[in-house]
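In: From the sequence below, what's the structure:
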Amino acid sequence: MRTIPSSELIINEDGSIFHLHLKPEQLADIVILVGDPGRVAMIAEYFDNKECEVSNREFLTVTGSYKGKRMTVMSTGIGIGNIDISVAELDALANIDFATRQTKAEFRRLTLVRLGTSGAIQPDIEVGSVIFSRTSLGFDGLLSYYAGRDGVCDLGLEEAFMKHTGWYEKLPYPYFVDADKELLELFRDSTVEGITIAAPGFYAPQGRWVRLAPHDMELNAKIESFRYEGRRITNFEMEGSALAGLAALMGHRAATICTIIAQRVAKDACTDYKPFVRRMIEMALDKLATL
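Out: Numbers count the residues shown, from 1 in each chain. Down below sits the predicted model:
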């Protein structure tokens, strides 16, 4: 059995993992992931009790219980790179023996649910809608660094998308990964199903133009018109593809759920979106408490 070197898995002197500063016993099986550390406090307000609160950099974590179900809520900050750190370290907390630096004999499966905000790329999706990412589309290229990438991706969908958009060969290779089917069924009656793009940036990677123009000015229009077996791409965000892909490779179940706060086709945005986010949080907590 492989012993993981200290350079590959860094454990702090207090026994916590390097970036998250969490110890294995502080992690619940249900983990809610948010970008904004301020949203951790919003979610933790609903907890019956709090076992711990741990903070390091953009990673703020609270573990407690909601309606008797133990849960962890953790902020990841913005972007795919932070999801790479977060999911790898959460898996290590669950499945690596820190004393021996070896994989535990019994696998611990986590439920990882991202609650985020997003921009709609279809004209009929209104601000305030809640999208469940049945499939996440990565513009980031992260998953291609990991062995087994093709085994968890929808290669037919990938090929059709690249052909339809005339994908620029110097961009990262796009990938499509499905959310966990059990979580899809759990949230089906409270969300709109969609295909969600996770972009590696907020501006040109999502087709925004301030002073620097995107390489392909028509890419968003091509995305909006793309159809595959009756399905369409619904929205942009910045983390879901890495979450879906890494969780699938590791054997965890994962999903991304986002409140729409911008209508990209209508070129409109809502800055007072907290009531919409709070409604999503309440719905998600109630659903997760039934697991």
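In: So which residue is dead centre in the chain?
Out: G240 (3.3 Å; CA atoms, centre = their mean).
In: separation between that residue and S118?
Out: 9 Å (CB to CB, to the nearest Å). For the C-beta atoms, the positions are set from N, CA and C on the backbone; glycine is no exception.
In: residue at max distance from the center of the chain?
Out: Most peripheral residue of the chain (CA atoms, centre = their mean): M1, 30.8 Å.
In: where along this protein do the helices fall?
Out: 37-44, 80-95, 149-152, 155-165, 181-187, 219-225, 240-250, 274-288 (DSSP state H).
In: Please work out which of those is packed deepest.
Out: Among the helices of the chain, helix 240-250 has the highest mean neighbour count (mean count of other CB atoms under 10 Å), at a mean of 27.
In: can you pull the alpha-carbon coordinates of that one into PDB?
Out: Extracted in PDB, the C-alpha atoms of helix 240-250 (Å, rounded to 0.1, in the frame of the first residue of the first chain):
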ATOM      1  CA  GLY A 240     -19.100  23.200 -10.600                       C
ATOM      2  CA  SER A 241     -17.200  21.200 -13.300                       C
ATOM      3  CA  ALA A 242     -14.200  20.500 -11.000                       C
ATOM      4  CA  LEU A 243     -16.600  19.500  -8.200                       C
ATOM      5  CA  ALA A 244     -18.600  17.100 -10.400                       C
ATOM      6  CA  GLY A 245     -15.400  15.700 -12.000                       C
ATOM      7  CA  LEU A 246     -13.300  15.200  -8.900                       C
ATOM      8  CA  ALA A 247     -16.200  13.700  -6.900                       C
ATOM      9  CA  ALA A 248     -17.000  11.300  -9.700                       C
ATOM     10  CA  LEU A 249     -13.300  10.100  -9.900                       C
ATOM     11  CA  MET A 250     -13.100   9.800  -6.100                       C
END
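In: Strands along this protein, start to end?
Out: Taking DSSP state E as the test, the strands found in the chain are 30-34, 49-56, 59-66, 69-75, 96-97, 102-103, 111-120, 130-138, 175-178, 192-198, 227-228, 231-237, 253-263, 268-269.
In: what do G240 and S118 both touch?
Out: 196, 258 (CB atoms under 8 Å, 6 or more residues apart in numbering).
In: Same list (the strands of the chain) but as JSON lines, adding mean pLDDT, distance to L155 and mean neighbour count.
Out: Listed next are those as JSON lines, based on pLDDT from 0 to 100; distance: least, CB to CB, whole Å; neighbours: other CB atoms under 10 Å:
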{"stretch": "strand 30-34", "mean pLDDT": "98", "distance to L155": "27", "mean neighbour count": "24"}
{"stretch": "strand 49-56", "mean pLDDT": "97", "distance to L155": "38", "mean neighbour count": "14"}
{"stretch": "strand 59-66", "mean pLDDT": "98", "distance to L155": "34", "mean neighbour count": "22"}
{"stretch": "strand 69-75", "mean pLDDT": "98", "distance to L155": "32", "mean neighbour count": "22"}
{"stretch": "strand 96-97", "mean pLDDT": "98", "distance to L155": "31", "mean neighbour count": "16"}
{"stretch": "strand 102-103", "mean pLDDT": "98", "distance to L155": "29", "mean neighbour count": "14"}
{"stretch": "strand 111-120", "mean pLDDT": "96", "distance to L155": "24", "mean neighbour count": "25"}
{"stretch": "strand 130-138", "mean pLDDT": "98", "distance to L155": "13", "mean neighbour count": "25"}
{"stretch": "strand 175-178", "mean pLDDT": "98", "distance to L155": "8", "mean neighbour count": "24"}
{"stretch": "strand 192-198", "mean pLDDT": "98", "distance to L155": "15", "mean neighbour count": "24"}
{"stretch": "strand 227-228", "mean pLDDT": "98", "distance to L155": "12", "mean neighbour count": "14"}
{"stretch": "strand 231-237", "mean pLDDT": "97", "distance to L155": "16", "mean neighbour count": "22"}
{"stretch": "strand 253-263", "mean pLDDT": "95", "distance to L155": "20", "mean neighbour count": "24"}
{"stretch": "strand 268-269", "mean pLDDT": "79", "distance to L155": "35", "mean neighbour count": "12"}
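In: Quick one: find the helix or strand in the protein with the lowest mean pLDDT.
Out: Ranking every helix and strand in the chain by mean pLDDT, DSSP states H and E puts strand 268-269 at the bottom, with a mean of 79.
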